[in-house]
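Undergrad: this one's structure only:
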């Protein structure tokens, strides 16, 4: 392997450092998005479970079922799950990008 001048190596190190920072920020943003969507799915699921409980609020639950609230909640959960799957795929791609940048950083430090 040929050695490159120190100035160029330092510039490469700086550029790769910036790319690493960007990759880390992208990954963190996607992780936060995934957590937010998971929390939304859990909240909607809890609301749906609350409609299933029998007791004093039977009339309210019955009306909600008759007017399509349950179907809307189920559709919303399905939509959020699809969004979650897409974000998880993006997160995996961001992890791979970060791995590549870290590998590049290691290779530059070997120069």
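TA: Received it, and whenever you're ready, just let me know what you need. What you see is a predicted model, and the numbers here were worked out from it, not measured in a lab.
Undergrad: and the spatially most central residue of the chain, how far is that from residue 48?
TA: Geometric centre of the chain, nearest residue: residue 34, 3.1 Å, by Cα atoms, centre = their mean. In this structure, residue 34 lies at 21 Å from residue 48, with Cβ to Cβ, to the nearest Å as the measure. In this view, the C-beta of every residue, glycine as well, is placed from N, C-alpha and C.
Undergrad: go on, residue 26?
TA: When distance is defined by Cβ to Cβ, residue 26 is 33 Å away from residue 48.
Undergrad: helices or strands next to the helix or strand hosting residue 49 in the packing?
TA: Using DSSP states H and E, residue 49 sits within helix 6-52. Contact analysis of helix 6-52 by 3 or more Cβ pairs under 8 Å, 6 or more residues apart in numbering; DSSP states H and E lists helix 58-66, helix 69-109 as its packing neighbours.
Undergrad: tell me the mean pLDDT over that helix?
TA: The average pLDDT for helix 6-52 rounds to 91.
Undergrad: mind starting the numbering at 37 from now?
TA: Right, with 37 as the first residue, what we last looked at is helix 42-88.
Undergrad: chain center to it: distance?
TA: Its chain's C-alpha centre and that of helix 42-88 lie 6 Å apart, by Cα atoms, centre = their mean, to the nearest Å.
Undergrad: for the residue nearest to the residue nearest to the centre of the chain when sequence neighbours are not counted, what are its contacts?
TA: If you skip the residues right next to it in sequence, residue 70 has residue 123 as its closest partner in space, 5.1 Å away by Cβ to Cβ, 6 or more residues apart in numbering. Applying Cβ atoms under 8 Å, 6 or more residues apart in numbering to residue 123 gives the contacts 66, 69-70, 73.
Undergrad: and if you look at residue 66?
TA: Residue 66 makes contact with 123, 126-127, 130, according to Cβ under 8 Å, 6+ apart.
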